[in-house]
Structures are given as structure tokens and as C-alpha cells.
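Enquirer: have a look at this prediction, sequence included:
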Amino acid sequence: MRLTKTRGVGYLGFVALGLTNAMIGPALPHLIEEFHLSFTLTGTLLFVQGGFYFLAVLSSGVASDYFGKKLFLLIGALLVVVGLLGFMLFGSVVSLFFSLSLLGMGVGALDGGVNGLFIDISGEKKGIGLGLLHMFFGVGALSGPLLFAFLSWVNWRLAFLCAASLVALFFFLLLPLPFPARQHSEAIPFSAITALLGHRIMIQFILLLFLYVGAEQVVAGWLPTYLIGTRHTSHLHGSLALSLFFIGLTVGRLLNGFIAEFLGYSRTLLILSFGSVVFFSLVFLVQAVGPVIFLFVLLGFFLSGIYPTVMAQAGILFPRYSGTVSGALTAAGGLGGMFFPFGMGFVSEYTGLKVGFIVPWCSAVVMLLLAFLSFRYLKNVTHCTVPYSLGSPPK
């Protein structure tokens, strides 16, 4: 795909998102030690961040179809910068909760807005366009734990200053950019929106991303703590393991768009979901540190394509309302990002970290079932029957 200024700034935004998202996990062991946090309270921190993320994408998705995406992206970038700086400077648990609230809200606005933008500008190659976009998220995500580990030798809080600087750069590069004009200026009937969100395949996609983001955020947030607590690794090795997980995620997203275009979106989704269940299961069975870390790399590879594949498939099925589709799916992911990391903390509080990891495994199993159902449905249907010309033939 041809690199334009809009795509380039969008890629930078997703590098910054990945960097920001991947730094929370390595910071958790430090927070637990400094503030003597329980696993339940630690999970509550992630729940609050996910809750405000959900509120942001829920409110911005439909509104961006009316007013455009640029405003929400600019506001989101400002919120992320303030949240990151607050995270760096906080001195109490209360201020930490406040910073994570701002961070979650800003990340939600950026995530939903940029995904919707790329659905608009990717044309017929939405799988490749979104796959490349999410590859840049992986680039930032694998860099985050490495940067965190490096700066921890001085002060681990400096890592959040670096992330804030990158988001600020995204803000200033975005300001002068002209955005593509909205293709449909007419009012969106409420009945059309409810029909879209109540469509069988959209419900399956919403549940898929609820489960997927929940599982991924458990790994992103808890992996260093999980390895330190169950495999007795150091903080440095926990951060490096998370980077390796995101390397698998990045490589997978680089290849996924082309694989999805070749095999078809629904078939690719089924294969990726099956691989995720396999490698989540193997994590429970293997105890040696080296092989477990390698399993997380492979898990990252298979998880990598689920989000962009679902987003691209939904964009093709319902092309008229990219903002609404993107916002609904991103909001579903936000709900998963709220509840599953909290569930991991709550279960681990009473049963230990090893048993707590059954939370993302369960989500992967249900995700496989939904992928199978969507594959069967899209294989046998010729078009989506939705009022107001919402649908188009599935690929």
C-alpha cells in the first residue's frame, strides 16, 4: 500500500499506543512492591483503565460518523499525554487511579478513531490495511518492555516520559492533516444502528473482540508478574518475555493481512483462534522458563491477527458506517480489557497466579467456538440482510 501522510501519522499513533499499552505490565511488579498492592487491587487498577477505555470508544464511535474522527483523535492524544505524565509523577494510589482513568479514556479515543480512519482509507484491501496498522502497534508494544527494562536501571518512571513525548509528536503531526471527507452526510437512523448492532454476525464479532482483547490484556498486563510469581524470574526477564510476546504479535500482524486476503477472513480467524487455544493450553503444561517464554511468542503470533481480521471483515460487511462498526467493536474489546485482567487478579488472589491464568484460557476456548460459528455463517450466506442498505456481500 502507498504510504501517505495520513497513513504515516496513523502508524506513528499506533506505535505510541503499543508503547503505552506494553509499559503497564512491567510496571505492575514495581507498583505491587512500592504500594504493597494485593492482586485484587492490582486487577482493579486495570479494570479502571479498561472501564474508561470502554467509555471513550463507546461515545466516540457513533459520534465520529457525524462529526469526523480528527477531533476525537486530538482529544485522545492530549488525554494520553496527561495520563502518562501523571503516571510518572504520582505519589499515591489515588493519583495512580486518576492517571489510569485519563490514560484509558485517551487510548480508547485513539484506538477507535484510528481504526475507523483506516477502514475508510484502505479501500478494498482492508485486511492488509488494518493488518499493517496493527503491526505498528506491535512494534511499539515490543519496544515498550525493552525501553522500560533499560530505563529501570535509572528510574522506571522515565519510560512513561518517553511514551508521552511520542504521543505529543503524534498530536502535533496530526494537527495540520486534512482528513478524508465523510462519505455519507445524511443522518443515521437509530433503527439502522440498532439493526446493525443486533445483526447475528455483528453480535458474534462483538463477543469475539470482547474475549480476544480480554485475553490479550491479561497477557500484556500480567505476564511479567505471572512469570515472577510462578517461574521465579527476575523483573528484567519478565519484561523481556513480554517484549518477545509482542515480537510474535508484530510478526503475525505483518503477515496476517496477506494471509487473510489469500485464505479469506473467516477461515483465517478460525485458524488463529485454534492456535491460540493450543498455546494457552501448553503454557499450563510446560514448567521450564525458556520453553514457556517461547510458547508465549507463538501465542502472540496466533493472537495477532484476530483483532484486525474481525475489524476488516466487519468493515467489508457494513461499509456505510465505519465509525459505528469500529466504535462498537473497539468498545467490546474495551469491556474485555476491563473484566478479564480484573478477573485474573481476583482469581489469583485466592488460588494463586498459576490457576488465575485459566481466565484467558477460557476466553480463548469460547473465542474458538465463536470463530467456528461465524465461519459457518459466512460460508453459507450470500449477503447481510440489514435495513437501510447496511450490508454488502461478505468475503
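Expert: Nice, I can see it.
Enquirer: run a quick neighbour tally on residue 200.
Expert: By the criterion of other Cβ atoms under 10 Å, residue 200 has 13 neighbours. The way it works is simple: take the backbone N, C-alpha and C, and place the C-beta from them, glycine included.
Enquirer: who are the neighbours in contact with it?
Expert: Counting by Cβ atoms under 8 Å, 6 or more residues apart in numbering, residue 200 touches residue 377.
Enquirer: could you do the one 4 residues further on as well?
Expert: Contacts for residue 204 (Cβ under 8 Å, 6+ apart) come out as 370, 373, 374, 377.
Enquirer: ok, and for the helix or strand residue 209 falls within, which residues are buried?
Expert: Using DSSP states H and E, residue 209 maps to helix 200-230. Buried positions in helix 200-230, judged by neighbour count with 16 or more other Cβ atoms under 10 Å: 201-202, 204-230.
Enquirer: per-residue confidence for residue 154?
Expert: With respect to pLDDT, residue 154 scores 86.
Enquirer: going forward, begin numbering at 725 instead of 1
Expert: Done: numbering now begins at 725, and the last item shifts to residue 878.
Enquirer: so it: helix, strand or coil?
Expert: What DSSP: H, G, I helix; E, B strand; the rest coil gives for residue 878 is coil.
Enquirer: could you report the neighbour count for it?
Expert: Number of residues near residue 878 (other Cβ under 10 Å) recorded here: 9.
Enquirer: can you give me phi and psi for it?
Expert: Backbone geometry at residue 878, expressed as degrees, to the nearest 10, gives phi -100, psi -70.
Enquirer: closest to residue 822 out of the contacts of residue 928?
Expert: residue 1094 (35.6 Å; Cβ to Cβ).
Enquirer: which strand or helix spans the closest one?
Expert: Per DSSP H and E, the secondary structure element for residue 1094 is helix 1082-1104.
Enquirer: what comes up buried for that helix?
Expert: 1083-1085, 1087-1088, 1090-1092, 1094-1095, 1097-1099, 1102.
Enquirer: not counting sequence-adjacent ones, nearest residue to the residue nearest the centre of the chain?
Expert: Nearest to the mean C-alpha position of the chain, by Cα atoms, centre = their mean, lies residue 937 at 5.6 Å. What sits nearest to residue 937 in space, not counting adjacent residues and going by Cβ to Cβ, 6 or more residues apart in numbering, is residue 1057, at 3.4 Å.
Enquirer: swap in residue 898?
Expert: Nearest to residue 898 is residue 733, by Cβ to Cβ, 6+ apart, at 5.5 Å.
Enquirer: was I right about the one you found contacting residue 901?
Expert: Yes. Between residue 733 and residue 901 there is a contact at 6.1 Å, judged by Cβ atoms under 8 Å.
Enquirer: between those two, tell me which one has more neighbours.
Expert: Shown here are residue 733 and residue 901; by other Cβ under 10 Å, residue 733 has more neighbours (22 against 14).
Enquirer: could you measure from that one over to residue 758?
Expert: 36 Å (Cβ to Cβ, to the nearest Å).
Enquirer: mind jotting down where the helices sit in the stretch 775-924 of the chain?
Expert: For the stretch 775-924 of the chain, applying DSSP state H, counting those that start in this stretch gives helices covering 794-813, 817-845, 850-875, 882-898, 914-921, 924-954.
Enquirer: any weak-confidence spans in the stretch 875-1024 of the chain?
Expert: Counting by pLDDT under 70, the low-confidence segments of the stretch 875-1024 of the chain come to 904-914.
Enquirer: go again with 90.
Expert: Within the stretch 875-1024 of the chain, the segments meeting pLDDT under 90 span 875-881, 899-924, 944, 958-963, 970, 973-989, 1008-1009, 1011.
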